[in-house]
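Asker: Give the three-dimensional model of this entry:
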Amino acid sequence: MKKVVLVIITICLSVSSIYSQKAKVQTAWNFYKDPYNQYDKAKEAIDEAVVNEQTATMAKTWYYKGLIYTELYGSEKYKSLCNNCLFVAYEAFSKAIQLDPQNEWIDDINSIRIPFIIKAIFDEGVKSYQAKDYKSALNSFEKVMVMSPSDTAVVLNSAYSAERAGEKEKAIKFYEQLVSYKFDDTNIYLSLADIYKTNKQSEKALATIRAGRNISPGNLVLMLTEINILLAEGRSKDAVGAMDEAISKDPTNTSLYLALGSTYDNLAHPSDSTIKATIKPEQVADYTSKAESTYKNGLQVEPNDFNLNYFLGAMYFNQAVDMFGKANSLKSNADYEKAKIKFDLKFKDSEPYLEKALETNPNKTPEDKETYKSTLVSLKQLYLRTGENDKFKKVDDLLK
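Answerer: Predicted coordinates:
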């Protein structure tokens with residue numbers, strides 16, 4: 001009989017314990033709701049309930065925790081009682097769904113509670129970003145991504161924040177995610193390509209820009225970036241087609257004619273001795289002809305472009321110097337005189353363009369000044385050959 005009494009007493013104590021823990025959940029709710037709104041006491045009660053094995057498996061417990069922690073976030077009086085109040089609330093609501101996907105608060109959680117948390121944390125990220133606190137902004141946006149992983153606006157903001165916070169690997173991850181979505185924003189392709197270029201990953205940079213061009217085939221900025229990458233990698237032949245396409249999109253951009261013309265000129269006269277040894281005379285003639293026509297096409301757009309004038313004049317001048325050097329190796333006077341007529345004409349071809357380059361050079365930047373000096377040196381040699389003494393004296397004085 002004593003044993004039976006003991007069992008009955010044990011059962012009673014157990015039931016009493018369960019009732020006590022469930023009472024904690026109700027206590028938390030009572031402190032939470034109007035008119036009490038004593039969120040500190042509500043938090044204390046619900047924190048006990050979520051760690052107790054009798055109430056930790058109840059969806060209601062976690063739903064109440066989500067409500068209480070959401071209110072803690074918005075309360076000036078009580079918000080210091082928790083860190084990351086909103087994200088803790090999100091985790092609590094998620095736990096309620098996990099425990100009972102059909103719980104009676106499911107619509108409230110999905111349509112009101114979680115959307116509110118997502119917006120609030122996103123807005124915190126925006127404020128931090130605007131304040132240039134990029135690490136805090138990234139922290140906020142990453143939390144939002146946990147809750148809304150397919151939201152491209154969140155991924156985009158995460159990418160920008162990560163890049164500005166110096167978190168390059170994270171920035172690459174987020175930008176690549178956007179590229180995989182075929183996101184239609186030129187800036188993400190430019191930003192990702194720039195990171196790759198900084199990392200000396202030119203092939204990845206090029207692939208990124210080309211992915212962007214698949215989305216926006218006519219985008220001139222992407223075209224120019226592709227051209228610059230190709231030129232920086234010494235892939236002049238590949239760059240030619242891209243520049244032709246860019247000119248068709250922006251036919252008044254003289255910089256494109258300058259870039260294309262100088263590329264053809266470099267292809268005709270490569271600095272690499274190995275490549276120079278393999279290039280055929282007809283290829284040299286073809287590239288030179290294309291360089292000449294490209295410069296002239298640019299000058300039709302803007303006759304006073306000093307760079308185009310200088311490059312075309314310098315090309316003619318260098319051709320004349322080359323012709324003069326070859327003529328000097330001729331043994332026949334008659335052959336030399338025939339060659340002289342040709343190189344004198346070529347020197348003369350360069351004169352109006354070099355003079356225009358000298359006249360229109362703004363002479364402001366270090367590059368301008370260097371070009372100005374080179375033009376004077378070329379004109380001095382030219383006038384010496386042509387016997388134009390007054391012009392020779394003028395440029396000689398300018399050089400002095």
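Asker: What's the mean pLDDT across stretch 191-210?
Answerer: Per-residue pLDDT values over stretch 191-210 give a mean of 95.
Asker: and if you look at stretch 293-300?
Answerer: When pLDDT is averaged over stretch 293-300, the result is 95.
Asker: for stretch 86-106, same thing?
Answerer: Here the average pLDDT along stretch 86-106 is 94.
Asker: which parts of that stretch are buried?
Answerer: 86-97, 99-100, 103, 105-106 (16 or more other CB atoms under 10 Å). Quick note: C-beta positions are derived from backbone N, CA and C, even for glycine.
Asker: so the residue nearest the centre of the chain is in which element?
Answerer: For the chain, Ser191 is the residue whose C-alpha lies nearest the centre (CA atoms, centre = their mean; 0.4 Å). In this structure, Ser191 is located in helix 186-198 according to DSSP states H and E.
Asker: can you check Asp322 too?
Answerer: Going by DSSP H and E, Asp322 is in helix 306-328.
Asker: And for Lys331?
Answerer: Secondary structure (DSSP H and E) places Lys331 outside all helices and strands.
Asker: How much space separates it from Leu376?
Answerer: Lys331 is 35 Å from Leu376, where distance means CB to CB, to the nearest Å.
Asker: Look at the two and report which has more neighbours.
Answerer: More neighbours surround Leu376 than the other of Lys331 and Leu376, with 19 against 6 (other CB atoms under 10 Å).
Asker: Which helix or strand lies directly C-terminal to the helix or strand bottoming out on mean pLDDT in the chain?
Answerer: Lowest by mean pLDDT, DSSP states H and E among the helices and strands of the chain is helix 2-32, with a mean of 60. Along the chain past helix 2-32, the next helix or strand (assigned with DSSP H and E) turns out to be helix 39-49.
Asker: Ile172: neighbour count?
Answerer: Ile172: 21 surrounding residues under other CB under 10 Å.
Asker: Kindly report the same for Lys400.
Answerer: For Lys400, the number of neighbouring residues by other CB under 10 Å comes to 5.
Asker: quick one: low-confidence ranges for the protein?
Answerer: 1-22 (pLDDT under 70).
Asker: Would you map the strands across it?
Answerer: Counting by DSSP state E, one finds no strands in the chain.
Asker: Around His269, count how many other residues there are.
Answerer: Neighbours of His269 (other CB under 10 Å): 17.
Asker: any idea how far Pro35 lies from Asn361?
Answerer: 81 Å.
Asker: between those two, who's got more neighbours?
Answerer: Between Pro35 and Asn361, counted using other CB under 10 Å, Asn361 has the larger neighbour count: 19 against 4.
Asker: Am I right that the more buried one is in contact with Ser374?
Answerer: No - using CB atoms under 8 Å, Asn361 is not in contact with Ser374, being 10.2 Å away.
Asker: Need the overlap of contacts for these two.
Answerer: Counting by CB atoms under 8 Å, 6 or more residues apart in numbering, the contacts common to Asn361 and Ser374 are Tyr310.
Asker: need the helices for the stretch 301-400 of the chain, in chain order.
Answerer: 306-328, 333-360, 366-386, 389-399 (DSSP state H, counting those that start in this stretch).
Asker: now those as CSV including distance to Leu231?
Answerer: Shown next, in CSV, are these (distance: least, CB to CB, whole Å):
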stretch, distance to Leu231
helix 306-328, 15
helix 333-360, 23
helix 366-386, 17
helix 389-399, 32
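Asker: looking at those helices, which is buried most?
Answerer: Neighbour counts (mean count of other CB atoms under 10 Å) averaged over each of the helices of the stretch 301-400 of the chain peak at helix 306-328, with a mean of 20.
Asker: Alpha carbons of that one, in PDB - could you do that?
Answerer: Presented in PDB, the C-alpha positions along helix 306-328 are these (Å, rounded to 0.1, in the frame of the first residue of the first chain):
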ATOM      1  CA  PHE A 306      44.800  66.800 -81.600                       C
ATOM      2  CA  ASN A 307      45.400  63.100 -80.700                       C
ATOM      3  CA  LEU A 308      44.100  61.800 -84.000                       C
ATOM      4  CA  ASN A 309      46.100  64.400 -85.900                       C
ATOM      5  CA  TYR A 310      49.200  63.600 -83.900                       C
ATOM      6  CA  PHE A 311      48.900  59.800 -84.300                       C
ATOM      7  CA  LEU A 312      48.200  60.000 -88.100                       C
ATOM      8  CA  GLY A 313      51.000  62.500 -88.600                       C
ATOM      9  CA  ALA A 314      53.400  60.400 -86.500                       C
ATOM     10  CA  MET A 315      52.500  57.300 -88.400                       C
ATOM     11  CA  TYR A 316      53.300  59.000 -91.700                       C
ATOM     12  CA  PHE A 317      56.500  60.400 -90.200                       C
ATOM     13  CA  ASN A 318      57.700  57.000 -89.000                       C
ATOM     14  CA  GLN A 319      56.900  55.500 -92.400                       C
ATOM     15  CA  ALA A 320      59.000  58.200 -94.000                       C
ATOM     16  CA  VAL A 321      61.900  57.500 -91.600                       C
ATOM     17  CA  ASP A 322      61.700  53.800 -92.400                       C
ATOM     18  CA  MET A 323      61.600  54.500 -96.100                       C
ATOM     19  CA  PHE A 324      64.600  56.800 -95.700                       C
ATOM     20  CA  GLY A 325      66.600  54.200 -93.900                       C
ATOM     21  CA  LYS A 326      65.900  51.600 -96.600                       C
ATOM     22  CA  ALA A 327      66.800  54.100 -99.300                       C
ATOM     23  CA  ASN A 328      70.200  54.700 -97.700                       C
END
